[in-house]
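A.B. asks: output the structure for:
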Amino acid sequence: MQIGRWNHQTSGGSSGEHSRSPYPSRYKGRGGTRYSGTRDRNRPSDRYSSSGRGHASPHRRGFGAFGETEAEIEKFMNKSFVTAEEPAYVPEHKFSDFDVDDRLKKNIATKGYELPTPIQDKAIPHILLDKDVVGLAETGTGKTAAFLVPLIDKIMKRPQERVLVMAPTRELAVQIERELAGFAKGLGFRGMVAVGGANIAPQISALRHVPAFVIGTPGRLKDLMERKALDLSGFGTVVLDEADRMLDMGFIDDMRFILSHMRHERHTLFFSATMSKEIERLIGDFLSDPVIISVKARDTSRNVEQDVVRIPRSADKFETLAQMLEGSEFSRVLVFGRTKFGVEKLAKELSRRHIHAESIHGNKTHSARTRALEAFKRGSVSVLVATDVAARGLDIPSVSHVINYDLPSTYEDYVHRIGRTGRAANKGKALTFVRER
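C.D. replies: Next up is the predicted model:
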């Protein structure tokens, strides 16, 4: 069953001549922007690059990275591409129309929600009927509320029910719990977060209070189960959020282990940005006669202007980045690198140049990653340097630019990276550094 498509025309890449670059003339060049400065001879040109050839994830690309051919580079540019205006989506419901508890409706209204997004509009009625649902939607489309609103109502009507939410990253798990706290304020139940990189003792203690919602990453959830701190036999509802990302990160065995310890007859909600063969197999294994809801937009946001920064072989890549970030238009910038070591080194060197920067990557503790993310959201730091751990799920307001300092491994990774800007009705810019041969 296919429910309500919300399709955009894919922009593809750029063709023909590009419009005038908004960046200083020193960046402009053929096929995008270009830096024409000279390299500091005392340093290697890519000394803060977090990748090199041959370091892509082997199961995804083999050697190299996406964007190494001219045909692939074209996909990083949409400056001259014109698309027709699309009609605004008209929802079938208002939040006030949904058959949920009036106290929950009040909290929804307090958060300023009136009209649902397409995924919320299509999914909530089916989830309220306890149907298994597959939601195909990118991050930033409101899918967290799409499953939280009906599941909170379920807990209010059936207090004995418990809900497990699996997410691929600590940051996404924390974000879901914060959304839950807002929707469930004053309703008499709690949720908790179980993620790696954080002290496990407080999480074990929180589980003793029998929270209605347990939100966690697969590795830590499995750890808690093996310690006998988490018993899933009483959980009748599970949400697999960003399932494709969990698959990419190698969590499939943990996911299967966790689900095998839940009730066989359960309510399963499955959200993914893509529908690969592996995802189809998971759906067949985990869900029962699901309703499939696709509200996938086009691959790249129409609100994101995309271009490349071509770095001549003689130029210093880090100097190019530092000079760009000194521009006043680069107000809140997310810079993506490919390795934890390179990301950390890049953030430290930017800070030494008096460009306020923080980093997020897998080697940082949960508390350090949370502090860095909150500082970036508050505007205390203007640049967040991150691995692809920050490419999905995170809702960071008002990101002016995404810079791909290192090439992504796949086009899908590129799409998720640039999706951190141009969110909602805002405009954003995405720039990809490409070393000229």
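A.B. asks: buried residues in stretch 345-359, which are they?
C.D. replies: By 16 or more other CB atoms under 10 Å, the buried positions in stretch 345-359 come out as 345-347, 349-351, 355, 357-359. Where C-beta positions appear, they are placed from N, C-alpha and C, glycine not excepted.
A.B. asks: also stretch 169-179?
C.D. replies: Across stretch 169-179, burial judged by 16+ other CB under 10 Å covers 169-177, 179.
A.B. asks: pick the one among those residues closest to Val402.
C.D. replies: Nearest to Val402 out of the buried residues of stretch 169-179 is Glu171 (CB to CB; 16.2 Å).
A.B. asks: can you tell me the SS state at that closest one?
C.D. replies: helix (DSSP: H, G, I helix; E, B strand; the rest coil).
A.B. asks: tell me the spacing between it and Val165.
C.D. replies: 14 Å (CB to CB, to the nearest Å).
A.B. asks: the buried residues of stretch 345-359 in helices, which ones?
C.D. replies: Applying DSSP state H to the buried residues of stretch 345-359, the entries found in helices are 345-347, 349-351.
A.B. asks: under the pLDDT cut-off, which ranges of the stretch 151-300 of the chain? List them.
C.D. replies: Across the stretch 151-300 of the chain, the ranges flagged by pLDDT under 70 are 296-300.
A.B. asks: would you list every one of the strands in it?
C.D. replies: Secondary structure of the stretch 151-300 of the chain by DSSP state E, counting those that start in this stretch: the strands cover 163-166, 191-194, 213-216, 237-240, 267-272, 291-294.
A.B. asks: show me where this structure has its helices.
C.D. replies: If DSSP H is used as the criterion, the helices of the chain fall at 70-73, 102-110, 118-128, 143-157, 170-183, 200-207, 218-226, 243-248, 252-260, 277-286, 317-325, 340-352, 366-378, 411-418.
A.B. asks: what's the end-to-end length of stretch 280-291?
C.D. replies: 13 Å (CA to CA, to the nearest Å).
A.B. asks: in stretch 110-117, which residues are buried?
C.D. replies: Residues 113, 116-117 are the ones in stretch 110-117 that count as buried (16+ other CB under 10 Å).
A.B. asks: give me the contacts around that stretch.
C.D. replies: 89, 91, 93-96, 124, 141-142, 145-146, 182-183, 185, 295 (CB atoms under 8 Å, 6 or more residues apart in numbering).
A.B. asks: change it to 6 Å
C.D. replies: Stretch 110-117 is contacted from outside by 91, 95, 141-142, 182, using CB atoms under 6 Å, 6 or more residues apart in numbering.
A.B. asks: what's the answer for stretch 125-135, then?
C.D. replies: With CB under 6 Å, 6+ apart as the test, stretch 125-135 has contacts from 119, 123, 143, 150, 267-271, 283, 287-288, 290-293.
A.B. asks: filter those residues down to the buried ones.
C.D. replies: Those of the contacts of stretch 125-135 that meet the buried threshold are 119, 123, 143, 150, 267-271, 283, 287, 290-293, by 16+ other CB under 10 Å.
A.B. asks: check contacts around the residue nearest the centre of the chain.
C.D. replies: Against the mean C-alpha coordinate of the chain, by CA atoms, centre = their mean, the closest residue is Arg392 at 1.2 Å. By CB under 6 Å, 6+ apart, Arg392 lies in contact with 139, 242, 245, 416.
A.B. asks: isn't the second one up against Met166?
C.D. replies: So the one you mean is Glu242. No. Applying CB atoms under 6 Å, one finds Glu242 not in contact with Met166, separated by 8.9 Å.
A.B. asks: got the buried residues of stretch 169-179 as a markdown table, with distance to Gly216 columns?
C.D. replies: Output for these, formatted as a markdown table (distance: CB to CB, whole Å):
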| residue | distance to Gly216 |
| --- | --- |
| Thr169 | 11 |
| Arg170 | 9 |
| Glu171 | 13 |
| Leu172 | 11 |
| Ala173 | 6 |
| Val174 | 10 |
| Gln175 | 13 |
| Ile176 | 10 |
| Glu177 | 9 |
| Glu179 | 15 |
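A.B. asks: pick the one among these closest to Phe330.
C.D. replies: Checking the buried residues of stretch 169-179 one by one against Phe330 (CB to CB), the nearest turns out to be Glu171, at 22.6 Å.
A.B. asks: tell me what the nearest residue to Phe376 once chain neighbours are set aside is bridged to.
C.D. replies: Among residues not flanking Phe376 along the chain, Leu384 sits closest, at 4.3 Å (CB to CB, 6 or more residues apart in numbering). Beta bridges link Leu384 to Leu334, Glu358, judged by DSSP bridges.
A.B. asks: mind listing what Leu384 touches?
C.D. replies: Leu384 is in contact with 334, 358, 376, counting by CB under 6 Å, 6+ apart.
A.B. asks: adding distance to Leu129, write these out as a markdown table.
C.D. replies: Putting the contacts of Leu384 into a markdown table (distance: CB to CB, whole Å) gives the following:
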| residue | distance to Leu129 |
| --- | --- |
| Leu334 | 39 |
| Glu358 | 44 |
| Phe376 | 40 |
